[in-house]
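[1] How does the following fold in three dimensions:
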Amino acid sequence: FAVRQHGGDTEVHRTPLRKFLGNAFRLLVRIGFSIPCSDTQCGLKCIPAASYREVRPHLVERRFVFDVELAARLTRAGHRITEFPIAWEESLGTSLNIRSALGMLFALVAVRWRLFRRR
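    Below you'll find the model as predicted:
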């Protein structure tokens, strides 16, 4: 998995709400899942095809928390996740609002329930 980081002189501007929601999301993922990944939401994922085929039938999420579900399924299946830093820039025009954040929260709860219900 890639980890977003500032590259060179790149400055990232985020609204205070976006910073807060991003930090809260990462905290919830860290508390709720045993994923050895600090940035599940970075869009770059390099996964061996055999590993993906193994977990693919169990993936349900298609939107914001797909990354969390993927990382959690890979981890539970015994696959090692390695992070590597990449330079990145915040995309203009992307938005995160309270409604989206609530949808992500409910989706996280659903993923956690699916992962741990058979224990």
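[2] Residue 68 contacts residue 40, doesn't it?
    Yes. With contacts counted by CB atoms under 8 Å, residue 68 reaches residue 40, the gap being 4.9 Å. (Each C-beta comes from the backbone N, C-alpha and C, glycine too.)
[3] Name the residues contacting each of these two.
    residue 29 (CB atoms under 8 Å, 6 or more residues apart in numbering).
[4] Could you report the separation of residue 82 from residue 108?
    23 Å (CB to CB, to the nearest Å).
[5] nope, residue 47 is what I meant
    21 Å.
[6] Ok, residue 80 next?
    Distance from residue 80 to residue 108, by CB to CB: 23 Å.
[7] Settle it for me: which of those two has more neighbours?
    Legend: neighbour count by other CB atoms under 10 Å for residue 80 and residue 108, higher for residue 108 (20 against 8).
[8] Let me see the contact set for the residue nearest to the more buried one when sequence neighbours are not counted.
    Spatial nearest neighbour of residue 108, chain neighbours left out: residue 65 (5.5 Å); criterion: CB to CB, 6 or more residues apart in numbering. By CB under 8 Å, 6+ apart, the contact set of residue 65 is 104, 107, 108, 111.
[9] and the residue positioned nearest the centre of the chain, what is it in contact with?
    Closest residue to the average C-alpha location of the chain: residue 40 at 2.6 Å, with CA atoms, centre = their mean. Residue 40 makes contact with 1, 26, 29, 67, 68, 71, according to CB under 8 Å, 6+ apart.
[10] and which of those is nearest to residue 86?
    Taking CB to CB as the measure, residue 86 sits nearest to residue 1 out of those, at 10.1 Å.
[11] ranges for the helices of the protein?
    Assigned by DSSP state H, the helices in the chain fall at 16-32, 49-55, 66-76, 98-116.
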